[in-house]
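Peer 1: quick one, fold the following:
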Amino acid sequence: MKKIFLNIAVILIYIVTNTAIAQNCSAYYPLKEGASFEFTSYDKKDKPVAVVTHKMTSVTIKGTATEATVETEIFDNKNTSVAKTTYTVTCENDHVAIDFKSLITPEMLTQYQDMEIDISGNDMIIPNDLTVGKTIPDSDVLMTIKMTPIQMKMSMKMLNGKVEKREKITTPAGTFDCYVIVFETEFKMGIKRKGKTRQWLAKDIGIVKTEDYNKKGKVIGKSMLTKFSK
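Peer 2: Numbering: from 1, shown residues only. This is a model prediction of the structure:
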């Protein structure tokens, strides 16, 4: 469960699209209604374990902000749909804010769908003016599952984010010039587990690759952009 939480949630955090009106709102997340992105997730042995699709269903202007709704669907390695969810992305001034609820995967919401759930947290903020060495604000999500007479709490944090370098990479979707962002991750559900996540972010596309590491620095999972349509 931890691997799914970290790996697929990372994909959910960053996918965005835009309208022509909001073209200058975000440098790295062009928003366009109807745009779609497909990611394939792999385990530590590079075996495909899931495909995650994201589709922009609506983009609205609210004052100085642009708010986008993204529909996400997850397919297992047999191409069977296992979960669906939606989240919002808000673009305003010099940054994009990704709904903190996107850190909770559809699998988890489905698992506890018959229980009372409270979700709180801080949105992920990605600035437009990325440069090597720039820091990224922390983000987190806390999910409290109420199972009378007890409560179970589960949390995930993305901490101490920093732009590590620039790098050109190739995925099945193409070759991209990227900024590489590294976060410390902390997952807690009774036991606290720490690790790192590295993300490759391309202008006008968003995230094109992620890698998750355990506390020893070994890769435990990754995902890559395999298709996109803007």
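
Peer 1: next structured bit after the helix or strand of the chain at the bottom of the mean pLDDT ranking?
Peer 2: Lowest on mean pLDDT, DSSP states H and E among the helices and strands of the chain sits helix 2-14, with a mean of 44. Using DSSP states H and E, the helix or strand that follows helix 2-14 in sequence is strand 36-43.

Peer 1: pLDDT of that following strand, averaged?
Peer 2: For strand 36-43, the mean per-residue pLDDT is 91.

Peer 1: now the strands for the chain?
Peer 2: Counting by DSSP state E, one finds strands in the chain at the ranges 36-43, 48-62, 65-76, 81-92, 95-98, 116-122, 124-127, 135-136, 139-147, 150-171, 174-189, 191-202, 206-214, 219-229.

Peer 1: now those in CSV, with distance to residue 28?
Peer 2: For glycine as for every other residue, the C-beta is placed from the backbone atoms N, C-alpha and C. Below are the strands of the chain laid out as CSV (distance: least, C-beta to C-beta, whole Å):
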stretch, distance to residue 28
strand 36-43, 13
strand 48-62, 15
strand 65-76, 14
strand 81-92, 10
strand 95-98, 7
strand 116-122, 20
strand 124-127, 7
strand 135-136, 12
strand 139-147, 16
strand 150-171, 11
strand 174-189, 8
strand 191-202, 6
strand 206-214, 6
strand 219-229, 13
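
Peer 1: okay, these in JSON lines with mean neighbour count next?
Peer 2: Below are the strands of the chain laid out as JSON lines (neighbours: other C-beta atoms under 10 Å):
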{"stretch": "strand 36-43", "mean neighbour count": "21"}
{"stretch": "strand 48-62", "mean neighbour count": "17"}
{"stretch": "strand 65-76", "mean neighbour count": "19"}
{"stretch": "strand 81-92", "mean neighbour count": "18"}
{"stretch": "strand 95-98", "mean neighbour count": "22"}
{"stretch": "strand 116-122", "mean neighbour count": "14"}
{"stretch": "strand 124-127", "mean neighbour count": "22"}
{"stretch": "strand 135-136", "mean neighbour count": "16"}
{"stretch": "strand 139-147", "mean neighbour count": "17"}
{"stretch": "strand 150-171", "mean neighbour count": "15"}
{"stretch": "strand 174-189", "mean neighbour count": "18"}
{"stretch": "strand 191-202", "mean neighbour count": "18"}
{"stretch": "strand 206-214", "mean neighbour count": "23"}
{"stretch": "strand 219-229", "mean neighbour count": "19"}
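
Peer 1: setting aside sequence neighbours, what's the nearest residue to residue 222?
Peer 2: Using C-beta to C-beta, 6 or more residues apart in numbering and skipping the chain neighbours, the partner closest in space to residue 222 is residue 211 (4.5 Å).

Peer 1: swap in residue 176?
Peer 2: residue 202 (3.9 Å).

Peer 1: could you double-check that the one you found lies in contact with residue 177?
Peer 2: Yes: if you go by C-beta atoms under 8 Å, residue 202 and residue 177 touch, sitting 6.5 Å apart.

Peer 1: fine by me, we can end here.
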